[in-house]
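**Q** pasted the sequence and its predicted model underneath.
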Amino acid sequence: MKTVISKDHTPIAYEAGGKGPALLLVHGGGSTPERWRPILPRFESSFTVYRVSRRGVGGSGAASDYTVERQAEDIAAVVDAIGGAVDLLGHSFGGLCALEGALLTANVRRLILYEPPIVPLLPPGFVDRLEALLKAGDRDGVWATMNREIVKMPEHEIALQRGQPAHTARLAGIHVLVYEARALEHYQFDPVRYAALTVPTLLLVGGDSPAWAQDATRRLRQAVGSSRVVAMPGQQHIAMDTAPDLFAREVAAFLNAL
């Protein structure tokens, strides 16, 4: 485990395995770097795979500020600490942090974004409900409410994640999801800013993903001129769990083609 100090002095932890070009994985909201463990063998034979713990998660420090801006600085700090050119893959809220972080460093070689929530998602009062559930000690309720009502995750995928070894750690850090949901209320996607993003970019989307994910992917494709879209047939928001071979194949095909 290594640690880098982000711009606002928050320590950000990351760990590595494998051998080859650097690939940094950024987990989504309500998650931990353990969510990547089942697919690591598919990448570590060809890449040095780095897994960051976003602020407030795992070995990274807690903070008073969980805005996208601060978390983008965290990702850029890790990229720069790795040294040299880094391929960057972000999922969900982690994809949003990766997208913004890629604007802050010249060391991102290629960018992969899987359904980052760039479109307005949270109805009025929703985060208040999450905060009430957290205050009542219902950590699973926080996680399930976000995934059912906002992510639109089907019940069989919720059950799949509840059965994963990483779910205990996921719930232990679920308070961070609430902080990030509050931060997401204030995020504004400005497509003009991404004219400066020229690195090759892969936009992954589930073929069966809900309308918000499809819309977000379309907007990103229009904003990032160097991007292309790959839709994964039959998948939604967690293809790394529901179709790990397909997910790994699409990522590897993009990285190996350039």
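**A** The structure has been received and is ready for your questions.

**Q** use CA for all of it now, contacts and neighbours both
**A** OK.

**Q** quick one: the helices in the stretch 151-258 of the chain?
**A** 155-162, 167-172, 174-184, 211-223, 239-242, 244-257 (DSSP state H, counting those that start in this stretch).

**Q** quick one: closest of those to Ser92.
**A** Distances from Ser92 to each of the helices of the stretch 151-258 of the chain were compared using C-alpha to C-alpha; the minimum, 9.4 Å, belongs to helix 211-223.

**Q** what's around Phe126, how many residues?
**A** Neighbouring residues of Phe126 were enumerated by other C-alpha atoms under 10 Å; the total is 18.

**Q** and Trp36, helix, strand or coil?
**A** On the three-state scheme (DSSP: H, G, I helix; E, B strand; the rest coil), Trp36 is labelled helix.

**Q** then the one 4 residues further on?
**A** Secondary structure, three-state DSSP: Leu40 is helix.

**Q** before we move on, the earlier item: the helices of the stretch 151-258 of the chain into JSON lines, with extra columns for mean neighbour count and mean pLDDT?
**A** Supplementary listing: these in JSON lines, determined by neighbours: other C-alpha atoms under 10 Å; pLDDT from 0 to 100:
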{"stretch": "helix 155-162", "mean neighbour count": "14", "mean pLDDT": "94"}
{"stretch": "helix 167-172", "mean neighbour count": "19", "mean pLDDT": "90"}
{"stretch": "helix 174-184", "mean neighbour count": "21", "mean pLDDT": "95"}
{"stretch": "helix 211-223", "mean neighbour count": "18", "mean pLDDT": "97"}
{"stretch": "helix 239-242", "mean neighbour count": "18", "mean pLDDT": "95"}
{"stretch": "helix 244-257", "mean neighbour count": "15", "mean pLDDT": "96"}
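
**Q** so which of these is nearest Gly20?
**A** Of all the helices of the stretch 151-258 of the chain, helix 244-257 sits nearest to Gly20, with 11.9 Å by C-alpha to C-alpha.

**Q** wait, a helix at Thr3?
**A** No. Residue assignment for Thr3, taken from three-state DSSP, gives strand, which places it outside any helix.
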